[in-house]
Each structure stands twice: as C-alpha cells, then as structure tokens.
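Asks: My questions concern the predicted model and sequence given below.
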Amino acid sequence: QVQLVESGGGVVQAGGSLRLSCAASGSIFSINTMGWYRQAPGKQQRELVARITSGGSTDYADSVKGRLTISRDNAKNTVYLQINSLKPEDTAVYYCRMTLVLVSTRASFIYWGQGTQVTVSS
C-alpha cells in the first residue's frame, strides 16, 4: 500500500511564505516525476503548479514563476514546494502527485496526496 502524506499548509498573510512537504511511503521501487497541483475555491479543475523529474528538471506554471521553488529528496521519497510572496489568489487546496514504480509489479502508477489547504489573507 502506497501513501502520500502532505503537510505544511495553513493560513498566512499576503507577502508571507510557506513550505509544503509530501512524503511517499510503501513498497516503492522508484519515483519518476513529482509535482504539485492546486484547486482554487469554486474551480473544478486542478491546475499544475510545478513539477520535477527524477533527473531534477523543473517546470512551473507561468502564474507562479519566480515565487515558487520545487525540490525533492530522493532518499526520503519527499517533494517540497517553497512558496514566497504569497498572494490571495494563491489560496487553494494543494495536492502532490507522484508517478511511482512499485516493487511488486515494477509497473508505474500515479498517486495523489489528500491535499493541504493554503489560505492567504490580504
């Protein structure tokens, strides 16, 4: 059984910073791409915020470039998202997503975290 557990969300004033974490546990052989998505209030779709490949290449949404940094610790099966200069429009539930290769099958599957709420007050 694989689990992704997120932490680090909360309420912060505009201009502040947060660091989100997402740790994967279970029978994991390897992890390919790790990413963060968010779903804003009233929106039905989750949007990609940032992602990082196993080789360390990163990709960011245009709306967050320059304010967010994604990183990963492969030894801990963990992905991080540092968010600086927070804006009220960053308010959303943030979800981590990982493409995992399982020990049992050596097959690749996509897993999602449960989500962590980030609320930015003006």
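Replies: Now that the structure is in, tell me what you want to look at.

Asks: what sits against the residue nearest to the spatial centre of the chain?
Replies: Taking Cα atoms, centre = their mean, the centroid of the chain lies closest to Trp36, which sits 2.8 Å from it. With contact taken as Cβ atoms under 8 Å, 6 or more residues apart in numbering, Trp36 is in contact with 20, 22, 48-51, 70, 79, 81, 94-97. In this view, the C-beta of every residue, glycine as well, is placed from N, C-alpha and C.

Asks: So in terms of bridging, what pairs with it?
Replies: In this structure, Trp36 bridges to Ala50, Cys96 when assessed by DSSP bridges.

Asks: Ser71 touches Ile52, doesn't it?
Replies: Yes - here Ser71 lies in contact with Ile52, judged by Cβ atoms under 8 Å, at a distance of 7.0 Å.

Asks: neighbour-wise, which of these two wins?
Replies: Looking at Ser71 and Ile52 with other Cβ atoms under 10 Å, you find the greater number of neighbours at Ile52, namely 21 against 15.

Asks: That one against Met34, yeah?
Replies: Yes - between Ile52 and Met34 a contact is recorded at 5.4 Å, counting by Cβ under 8 Å.

Asks: any shared contact partners between those two?
Replies: Common contact partners of Ile52 and Met34 (Cβ under 8 Å, 6+ apart): Ile70, Arg72, Val79.
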